[in-house]
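[1] Below are the sequence and a predicted model; questions follow.
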Amino acid sequence: LDAEALRAQARAGTLPPLLRKLVRTSVRRSLDSAPRTTAGHTPLGDRLAALPADERHAFLLDLVRTQVAAVLGHASTRSVAVDRQFRDLGFDSLTAVELRNLLGSATGLRLPATLVFDHPTPEALARLLLAELLGTDADPAEPAGSVEAVAVDD
């Protein structure tokens, strides 16, 4: 094993979960203390606000898909369909918390451990993040009963 290559992957956040215990890195500490600006705004929220309105959702959807692929150990986001439920992608409670931690670090938001169960698709999760980062209400196009159907099915 090339320890330096593993460390580089760990710093980039692309190290497969199976190999994470093999390398020591201070990445986790620095990411958990993501900087916040005034009144709960985050640097990512400010960056989103600067984007044209029609590009914001696509930007966050790409972020979510990238983090999902990293947690599941996929090389690219092609295998992460935007409308496929997280549990169908292979998520369990541990990978759900890992995704929550990565997204919390990337966005600067404090996210619940039940994030992927409350918002069961990358599309729904991107909509939530957009609403949280820009301080707006959730997308009215999202069906209100979608979370209920998932909870009953589980």
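    That came in fine, so what should we check first?
[2] Helix, strand, or coil at the residue nearest the centre of the chain?
    When Cα atoms, centre = their mean is applied to the chain, the residue found nearest the centroid is Leu103 (3.5 Å). What DSSP: H, G, I helix; E, B strand; the rest coil gives for Leu103 is helix.
[3] residue ranges for the helices of the protein, please.
    With helices called from DSSP state H, the chain shows them at 3-12, 27-32, 43-50, 53-72, 86-89, 93-107, 115-118, 122-134, 146-153.
[4] Of the ones you listed, which shows the lowest average pLDDT?
    Among the helices of the chain, helix 27-32 has the lowest mean pLDDT, at a mean of 38.
[5] where's Cys129 relative to Val64, distance?
    One correction, residue 129 is Leu, not Cys. Leu129 sits 7 Å away from Val64, going by Cβ to Cβ, to the nearest Å. Yep, even glycine has a C-beta here, placed from its N, CA and C like the rest.
[6] what's the overlap in contacts for those two?
    Leu103 (Cβ atoms under 8 Å, 6 or more residues apart in numbering).
[7] ok, back up a step: from Leu133, how far off is the residue nearest to the centre of the chain?
    Distance from Leu103 to Leu133, by Cβ to Cβ: 11 Å.
[8] ok, now which ones touch the closest residue to Leu130 other than its chain neighbours?
    Spatially, and ignoring its direct neighbours in sequence, Leu130 is nearest to Leu60 (5.3 Å; Cβ to Cβ, 6 or more residues apart in numbering). Each residue near Leu60 by Cβ under 8 Å, 6+ apart is listed here: Leu48, Ala126, Leu129, Leu130, Leu133.
[9] I am finished for the moment; much appreciated.
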